[in-house]
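**Q** What follows is a predicted structure for the sequence shown.
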Amino acid sequence: MDALELWRSFGVSGEGHILLPIFDTFDNHPLLIQILAGEIANYRRAPGDFERWQKDHPNFNPFNLLLVNVRAHVLEYALRGLYKKARTVLETIAAFRIPASYNTLAALFVGESKLFPTEPGLDVALTELEDRGLVGWDKRANRYDLHPIVRGVVWNGLKDQARRNVYKAMHEYFESFPKIDLDEDSNLEELAFSIELYSTLIGLRRYDDAYAIFCRHLRPVMLHRLSACYQLADLTEMLFPNRLDKVPRLRSVSTQADVIDTLAMCYHFTGQLGRAIPLYSLATDLWKSVGERVQISGGFSDWAYTLYLTGALYDAETIAARSQHMTHRRIRFTNTEAICWLGLVLATRGITDQAKSVLRRFLRTRPDDYLGNLCLAQLTLWLGDFAGATSMAINVFQRATRNRDDERNVVRAARLCGDAAQRLDDLETAYERLHYALIRARSVNLVEEELPALVALAELRRRQGDLKAARELLDDVWEPAERGPYPLFHADAFNVLTQIERDAGNNAAAVDAATKAYRLAWCDGEPYAYHWGLVAARKHLRELGAPEPPMPPFDESKYEPMPEVEINPKDEFYVDV
């Protein structure tokens with residue numbers, strides 16, 4: 001009955017026994033009901049008369065079509081009733097990547113030798129499109145957008161030349177708009193003109209020109225300052241017109257590798273680690289083919305951290321050790337992130353003295369480095385120096401927040417502050433900082449920080465005696481941790497669940513959770529296991545009187561040899577080839 005009520009709200013006639021089977025062909029989708037009703041309500045020969053409209057359109061027959069074709073069929077008839085200028089406006093809005101502002105549409109369509117001589121003409125067209133349900137109007141922002149179904153049907157219905165004409169008109173407008181100042185605060189709304197200019201260049205198949213906009217105005221802000229990685233991934237994928245398993249449509253190998261590496265980072269930061277790893281590998285191979293040593297170093301570094309998050313600790317340590325500048329038979333570490341990841345992998349394995357040595361020697365030469373301090377703070381936290389970890393994390397948090405350099409460092413620092421405060425029994429401060437980290441991580445879809453924040457908050461609630469709230473927090477961990485995969489965070493979550501079950505007196509469930517934590521923390525097998533997760537799981541199993549599960553030992557023959565890392569007295573990092 002809801003479908004019929006929506007239909008009647010447009011003042012359109014029709015018997016229920018005739019209408020309902022039609023609605024069923026497109027799953028009673030409200031948008032399509034609204035659009036079809038809007039078409040009939042605006043039918044000039046007999047407004048609102050469904051029977052007359054159906055008689056005058058005998059070829060309208062959505063039955064026996066696949067759902068996707070039904071949608072196109074319905075929209076095709078809805079679009080027939082539009083007058084030409086309104087349809088032109090609709091087709092142009094369909095080309096926008098983000099909602100189009102009224103001022104932009106007015107600049108495109110209103111004026112001498114344009115579609116409308118004055119704004120009232122544009123207003124009439126937009127009102128009709130909105131009344132028909134074809135366009136959505138955000139009154140507060142004064143922006144117009146299309147539902148994905150409408151966008152797809154409208155845009156796919158255009159011929160190539162018509163699309164190019166739309167892109168040409170948009171390009172002329174957006175090319176003249178001033179670009180944002182990367183040194184100033186910015187948000188996605190302020191990037192709108194750069195995004196649309198980029199999109200029009202893609203539409204005109206000027207891929208290298210689009211890449212220039214991508215590098216100068218989009219990636220620097222979206223990847224680091226805003227961590228808008230879902231949106232950046234969508235834009236990056238536009239440079240792969242053939243398919244994502246092919247290289248981008250760019251002239252040079254270096255730029256192809258750069259785009260592939262960017263897409264890998266976007267997948268990484270949005271929790272799609274399995275999609276990121278092969279792209280990092282491909283980008284590195286392309287850079288090797290043209291001898292781009294600096295880029296090889298950076299590619300290895302990002303690749304190493306992604307492998308680390310998936311629990312591939314041996315490969316992560318190997319790749320981190322190879323992220324460097326090459327000079328003959330000796331290789332000097334110059335990639336700062338790679339040194340930090342190497343220290344973090346060692347710390348995770350429980351090789352604490354060597355991890356400390358790597359990180360502290362690095363920080364002697366770069367004492368203000370955010371990542372180096374945060375990796376050392378994590379190690380310090382694992383070693384039980386909670387006050388020391390707090391001091392380091394707070395220092396990074398304050399500087400990174402003030403400088404607005406990198407959202408990931410702000411979130412990571414807040415989360416470490418909260419975790420340390422919890423262990424110091426300052427639960428009020430712990431909640432404040434962990435909740436802050438969770439909200440910020442979710443606002444930018446930073447899964448690698450959202451998961452540990454949830455685990456820490458679950459432990460906080462458990463300590464407060466609220467087992468129900470603790471379980472609910474962990475419920476948000478299981479699916480993304482498995483999908484990622486994020487076995488280290490997954491193991492931490494099961495260790496917290498083990499203690500929750502023990503607190504509740506559910507020993508059998510506790511054993512099951514501890515066993516899962518043990519298996520996840522095993523990673524490649526000792527000594528390439530998640531030491532701290534394994535220690536916690538072993539303690540639980542021992543205290544519960546349960547055996548450790550049998551696990552395959554580390555098999556060195558399955559891996560390429562690990563490079564030897566030497567830290568010389570001059571605080572320089574070398575790897576033997």
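**A** Nice, thanks for sending it over.
**Q** Please report the distance of the residue nearest to Arg502 when sequence neighbours are not counted from Gln499.
**A** Using C-beta to C-beta, 6 or more residues apart in numbering and skipping residues adjacent in sequence, the residue nearest Arg502 is Ala510, 4.7 Å away. All C-beta spots, glycine's among them, are computed from the backbone N, C-alpha and C. Using C-beta to C-beta, to the nearest Å, Ala510 is found at 8 Å from Gln499.
**Q** Overlap in contacts, those two.
**A** When contacts are counted by C-beta atoms under 8 Å, 6 or more residues apart in numbering, Ala510 and Gln499 have His540 as shared neighbours.
**Q** Compare these two (neighbour count), which wins?
**A** With neighbours defined as other C-beta atoms under 10 Å, Ala510 and Gln499 compare such that Ala510 has more, 23 against 20.
**Q** so where is the chain shaky, pLDDT-wise?
**A** Where the chain drops to pLDDT under 70, the residues are 1, 65-68, 177-187, 294, 324-336, 404-405, 564-577.
**Q** and Pro553, how many neighbours?
**A** Pro553 sits with 9 neighbouring residues when counted by other C-beta under 10 Å.
**Q** tell me which element it falls in.
**A** Pro553 belongs to no helix or strand when assigned by DSSP states H and E.
**Q** What are the contacting residues of stretch 73-87?
**A** Residues outside stretch 73-87 that contact it (C-beta under 8 Å, 6+ apart) are 26, 32, 35-36, 38-39, 42-44, 57, 60-62, 65, 90, 115-116, 121, 124-125, 128-129, 132, 134, 149-150, 153-154, 157.
**Q** got the buried residues for stretch 72-92?
**A** 72-75, 77-79, 81-82, 85-92 (16 or more other C-beta atoms under 10 Å).
**Q** ranges for the strands of the stretch 1-150 of the chain?
**A** With strands called from DSSP state E, counting those that start in this stretch, the stretch 1-150 of the chain shows them at 100-101, 136-138, 143-145.
**Q** any chance of those strands in TSV, with distance to Arg461 too?
**A** Below are the strands of the stretch 1-150 of the chain laid out as TSV (distance: least, C-beta to C-beta, whole Å):
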stretch	distance to Arg461
strand 100-101	44
strand 136-138	38
strand 143-145	39
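**Q** I'd like the ones you listed laid out as CSV, including distance to Ile439 and mean neighbour count.
**A** Below are the strands of the stretch 1-150 of the chain laid out as CSV (distance: least, C-beta to C-beta, whole Å; neighbours: other C-beta atoms under 10 Å):
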stretch, distance to Ile439, mean neighbour count
strand 100-101, 28, 20
strand 136-138, 24, 14
strand 143-145, 26, 20
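**Q** burial measure for the closest residue to Leu115 other than its chain neighbours, as a count.
**A** Nearest-residue entry for Leu115: Phe109, 4.4 Å, with adjacent residues in sequence omitted and distances by C-beta to C-beta, 6+ apart. The number of residues packed near Phe109 is 20, by other C-beta under 10 Å.
**Q** How about the contacts made by Phe109?
**A** Neighbour list for Phe109: 88-89, 92, 115-116, 122 [criterion: C-beta under 8 Å, 6+ apart].
**Q** Next one: Gln398 from Leu416, what distance?
**A** 13 Å.
**Q** higher neighbour count, the two?
**A** For Gln398 versus Leu416, the count of surrounding residues by other C-beta under 10 Å is larger for Leu416: 29 against 12.
**Q** Hmm, the more buried one is touching Ile394, no?
**A** No. Using C-beta atoms under 8 Å, Leu416 is not in contact with Ile394, being 9.0 Å away.
**Q** circling back to that earlier point, for ChimeraX, write a command that selects the buried ones of the contacts of stretch 73-87.
**A** Applying 16+ other C-beta under 10 Å to these leaves a buried subset, and the ChimeraX line that selects it is:
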select :26,32,35,36,38,39,42,43,62,90,115,116,121,125,128,129,132,134,149,150,153,154
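**Q** Which of the contacts of stretch 73-87 fall in helices?
**A** Secondary structure defined by DSSP state H assigns 32, 35-36, 38-39, 90, 121, 124-125, 128-129, 149-150, 153-154 of the contacts of stretch 73-87 to helices.
**Q** Check those against Asp302 and report the nearest one.
**A** Nearest to Asp302 out of these is Ile149 (C-beta to C-beta; 36.5 Å).
**Q** my guess is the closest one meets Gln34, correct?
**A** No. Taking C-beta under 8 Å as the definition, Ile149 is not a contact partner of Gln34, at 11.4 Å.
**Q** what ranges do the helices span in the stretch 401-550 of the chain?
**A** 407-423, 427-443, 447-463, 467-475, 478-483, 487-503, 507-522, 531-544 (DSSP state H, counting those that start in this stretch).
**Q** Relative to Arg349, which of those helices is closest?
**A** helix 531-544 (5.5 Å).
**Q** report the angle between the axes of that closest one and helix 487-503?
**A** Going by axes from the mean of the first three to the mean of the last three C-alpha atoms, to 10 degrees, helix 531-544 is angled at 20 degrees with respect to helix 487-503.
**Q** Could I get the buried residue list for helix 531-544?
**A** By neighbour count on 16+ other C-beta under 10 Å, the buried set for helix 531-544 is 531-534, 536-537, 540-541, 544.
**Q** Domain ranges for the protein, per the record?
**A** The chain breaks down by automatic domain parsing into domains covering 2-80, 165-271, 385-476.
**Q** Where does Pro563 sit: helix, strand or coil?
**A** For Pro563, the secondary-structure state derived from DSSP: H, G, I helix; E, B strand; the rest coil is coil.
**Q** now Tyr280: how far from Ala316?
**A** Distance, Tyr280 to Ala316, by C-beta to C-beta: 12 Å.
**Q** no wait, Ala72
**A** Distance, Ala72 to Ala316, using C-beta to C-beta: 47 Å.
**Q** And for Arg364?
**A** From Arg364 over to Ala316 (counting by C-beta to C-beta), the distance is 24 Å.
**Q** who's more crowded, those two?
**A** Ala316 (26 against 9).
**Q** Roughly how far does that one sit from Asp406?
**A** Going from Ala316 to Asp406 by C-beta to C-beta gives 21 Å.
**Q** again with Thr380
**A** 21 Å.
**Q** And those two? Which one has more around it.
**A** Thr380 (25 against 16).
**Q** Could you say which helix or strand holds that one?
**A** Using DSSP H and E, the secondary-structure element containing Thr380 is helix 370-382.
**Q** Number of residues surrounding the nearest residue to Arg415 once chain neighbours are set aside?
**A** Spatially, and ignoring its direct neighbours in sequence, Arg415 is nearest to Ala437 (3.9 Å; C-beta to C-beta, 6+ apart). By other C-beta under 10 Å, the residues close to Ala437 number 29.
**Q** on that earlier part again, contact partners for the residue nearest to Arg502?
**A** Applying C-beta under 8 Å, 6+ apart to Ala510 gives the contacts 498-499, 501-502, 540, 544.
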